[in-house]
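[1] Sequence first, then the predicted structure, then my questions.
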Amino acid sequence: MPEISIVVPVLNEEGSLEELHHQLRNVLDGMGRSFEIIYVDDGSTDRSLEVLRGIYSADTSVRVLSLRKTHGKSAALAIGFDEVRGKIIVTIDADLQDDPSEIPNLIKELEKGYDVVSGWKKRRQDPFSKRFPSKVFNWLTSLATGLKLHDINCGLKAYRRSVTDQFKLYGQLHRFLPVFAYKEGFRVGEIPVAHHPRRYGRTKYGMKRFLHGLLDLLTVTLLTRYLKSPLHFFGTIGIAFTLAGFAINCVILSIYIKHHNIQGRHPLLMLGVLLMILGFQLVSTGLLAELLTRMSHKGREEYSLKLELSHDATEEKQARRG
Ligand code: UDP
Ligand code: MG
């Protein structure tokens, strides 16, 4: 069993793969620990898969998984995480923007007692149009989640196996894995890492990434705060709306009782009715969400144990806990 598993998501990176692999080998050989490198081809349409075949046939520490079509970086990472055999998992981008020589630093930090260590592209080599929105996004993420990281979207991250085993990645939620981990009580750290401009190929994300990022942040907030009790979220807003609508309508009713007409307060009446209907809708959405939660709840599996002291725990069970 290798000690360290490197997972590399690859989408149309034919130009950088060979050099990346060469650098990865150099760094990993220098560490003197056993390792495997898992390349996950996310349905590339260039020569990436051919290049990966070449790398695979010359190196027994390499495994290659190739998706039939592109499903996104989260999917590629999820597939890699499913296959890893090491206790420590490091993810790195395939475009050589991340520097493989940072891997030992990440692992060193992890072994100081963290479960996740995220890279921070302190001197980021990207255009301002990407750096600025990213800064805002990181700030918002810290604010919404309480996890103080400078750079949530760094490709270079190290995890203990217990973390990658615990969470299912889908959509674009890979960037938030440290948030999910933090919310579950795992210890999350961060170190500055080198970053290089893209030399080969092009970025896979356009300006849409920020809109999608914001929507994902909303999802993450909902999932981490209210997943186990969605009615607390929908119900609070719903009841507030209903009460406000009810109060407005009471005022209108008293005016009507006094004057036998509502004295031109029709817009207010509409607002009151609208708020009450919206409020009821939100409460019922919350109830539906509770129903879903109840049906999909996996009981014990949803909670992550840090330790189990038991005289008859099997070795396999202990290994799973890391
Ligand atoms: N990637 C992927 N699937 C995707 C998009 C990206 O596997 O749908 C990989 C890509 O090949 C690279 C990493 O994810 O290794 C980061 O992508 P990119 O460099 O385009 O992101 P950026 O550096 O612009 O944030
Ligand atoms: Mg990149």
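    Great, that's in hand. Ligands and ions are numbered 1, 2, ... in the order given.

[2] Need phi/psi at G189.
    Recorded main-chain torsions at G189 are phi -120, psi 180, according to degrees, to the nearest 10.

[3] and the stretch 101-250 of the chain, which of its residues are near ligand 1?
    G155, T203, K204, Y205 (CB under 6 Å from any ligand atom). (C-beta placed from N, C-alpha, C; glycine too.)

[4] and stretch 77-92, how far apart are its ends?
    Taking CA to CA, to the nearest Å, stretch 77-92 runs 10 Å from one end to the other.

[5] so who does E36 touch?
    Going by CB atoms under 8 Å, 6 or more residues apart in numbering, E36 touches P2, I4, S5, I6, S61, V62, R63, V84, R85, G86.

[6] Confirm it sits in a helix?
    No - secondary structure of E36, determined by DSSP: H, G, I helix; E, B strand; the rest coil: strand, with no helix assignment.

[7] In the sheet, which residues pair with it? Tell me.
    Per DSSP bridges, the residues bridged to E36 are S5.

[8] Can you tell me the SS state at the residue in the stretch 201-322 of the chain that ligand 2 sits nearest to?
    Across the stretch 201-322 of the chain, no residue is closer to ligand 2 than T203, which sits at 5.8 Å (CB to the ion). Taken by three-state DSSP, the conformation at T203 corresponds to coil.

[9] quick revisit: ok, of the contacts of E36, which come out buried?
    By neighbour count, with 16 or more other CB atoms under 10 Å, these hold P2, I4, S5, I6, S61, V62, R63, V84, G86 as buried.

[10] follow-up on the earlier one: ok, and the most crowded of the residues of the stretch 101-250 of the chain next to ligand 1?
    Across these, neighbour numbers were computed from other CB atoms under 10 Å; G155 holds the maximum, 21 neighbours.

[11] List the contacts of it.
    The neighbours of G155, taking CB under 8 Å, 6+ apart as the test, are T91, I92, D93, Q97, D98, G119.

[12] about what we covered before: ok, so of the residues of the stretch 101-250 of the chain next to ligand 1, who is nearest P192?
    Among those, G155 lies closest to P192 (CB to CB), at 14.4 Å.

[13] I'd like the secondary structure assignment at the closest one, please.
    Recorded secondary structure, G155: coil (three-state DSSP).

[14] Return the per-residue confidence for it.
    pLDDT for G155: 96.

[15] Adjust the sequence numbering to begin at 4 for everything that follows.
    Sure, I'll start counting at 4 from here, so that last one is G158.

[16] now it: how far from F170?
    Here G158 is placed at a distance of 18 Å from F170 (CB to CB, to the nearest Å).

[17] do R163 as well
    From R163 to F170 the distance is 12 Å (CB to CB).

[18] What of R66?
    Separation of R66 from F170 (CB to CB) stands at 22 Å.

[19] for I58, same thing?
    Computed as CB to CB, the I58 to F170 distance reads 29 Å.

[20] do A97 as well
    The spacing between A97 and F170, counted by CB to CB, is 22 Å.

[21] K186 now?
    From K186 across to F170, the span is 10 Å (CB to CB).

[22] where do the strands sit along this structure?
    Taking DSSP state E, the strands of the chain run over residues 7-13, 38-44, 65-69, 91-94, 119-124, 160-163, 191-196.

[23] Need the residues that contact the fifth one.
    Going back to what we said before, that points to strand 119-124. Applying CB under 8 Å, 6+ apart, the contact partners of strand 119-124 are 101, 105, 109, 112-113, 152-155, 157-163, 166, 180-181, 184-185, 189-196, 198.

[24] from those residues, which would you call buried?
    For the contacts of strand 119-124, a neighbour count by 16+ other CB under 10 Å gives the buried set as 101, 105, 109, 112-113, 152-155, 157-163, 166, 180-181, 184-185, 189-194, 196, 198.

[25] my guess is K72 contacts G46, does it?
    Yes - using CB atoms under 8 Å, K72 is in contact with G46, at 4.3 Å.

[26] Looking at those two, which one has more neighbours?
    G46 (18 against 7).

[27] In contact with the more buried one, which residues?
    Shown in contact with G46 (CB under 8 Å, 6+ apart): L14, S69, L70, R71, K72, T73, H74.

[28] okay, those residues in a markdown table with distance to ligand 2 next?
    Converted to a markdown table, the contacts of G46 look like this (distance: CB to the ion, whole Å):
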| residue | distance to ligand 2 |
| --- | --- |
| L14 | 10 |
| S69 | 20 |
| L70 | 19 |
| R71 | 24 |
| K72 | 21 |
| T73 | 16 |
| H74 | 18 |
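
[29] Pick out the most distant pair among the residues you listed.
    Longest span within the contacts of G46, CB to CB: L14 and R71, 13.4 Å.
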